[in-house]
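Participant: show me the folded form of this:
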Amino acid sequence: MNFRPDFFVRAATSDVVYTINPDLKDSVQILEAYSFIGKVIGKALFERIVIDMHFDDCLLGYLAGLPVELEDLQTLDTPVMSVVFERC
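Facilitator: Numbers count the residues shown, from 1 in each chain. Below you'll find the predicted structure:
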């Protein structure tokens with residue numbers, strides 16, 4: 001399994017936030033890679049090692065078992081969500 005730098009992409013915000021790349025095709029190799037990356041991140045959290053990478057609120061909420069709220073989408077695309085919130 002080779003690490004590909006396009007597993008995560010930067011979200012469309014002014015902050016540096018990363019999300020899962022939606023353009024990658026589902027395959028066994030991709031799913032195994034995400035599983036491995038998740039184990040590495042989990043081990044780092046368990047060992048209290050700080051990872052200098054910020055994930056979007058949707059991904060973090062999903063990992064924590066929380067429902068995704070409309071406000072969580074703002075970390076993915078701030079300009080679009082600003083328009084949505086103005087119209088609500």
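Participant: how many other residues sit next to Asp72?
Facilitator: Using other C-beta atoms under 10 Å, Asp72 is surrounded by 18 other residues. Every C-beta, even on glycine, is put in place using the N, C-alpha and C of the backbone.
Participant: again with Cys58
Facilitator: Other residues close to Cys58 by other C-beta under 10 Å number 19.
Participant: which of the helices or strands spans it?
Facilitator: For Cys58, the element it lies in under DSSP states H and E is helix 57-64.
Participant: for that helix, name the packing helices and strands.
Facilitator: Helices and strands touching helix 57-64, by 3 or more C-beta pairs under 8 Å, 6 or more residues apart in numbering; DSSP states H and E, are strand 18-20.
Participant: pull out the buried residues from the strand it packs on.
Facilitator: Buried residues in strand 18-20, counting neighbours by 16 or more other C-beta atoms under 10 Å, are found at 19-20.
Participant: run the chain-centre distance for it.
Facilitator: In terms of C-alpha atoms, centre = their mean, to the nearest Å, the gap separating the centre of strand 18-20 from the centre of its chain is 3 Å.
Participant: show me where pLDDT drops low in the chain?
Facilitator: 1-16, 78, 80-82, 84-85, 88 (pLDDT under 70).
Participant: re earlier: touching the helix holding Cys58 from outside, list them.
Facilitator: If you take C-beta atoms under 8 Å, 6 or more residues apart in numbering as the criterion, helix 57-64 is touched by 19-20, 67-69, 71-76.
Participant: if we go to 6 Å?
Facilitator: For helix 57-64, the external contacting residues (C-beta atoms under 6 Å, 6 or more residues apart in numbering) are 68, 72, 75.
Participant: so the lengthiest helix in the chain versus helix 57-64, what angle?
Facilitator: Across the chain, the longest stretch assigned as helix under DSSP state H is helix 28-46. When axes from the mean of the first three to the mean of the last three C-alpha atoms, to 10 degrees is applied, the directions of helix 28-46 and helix 57-64 differ by 80 degrees.
Participant: since that was my last question, I'll sign off now.
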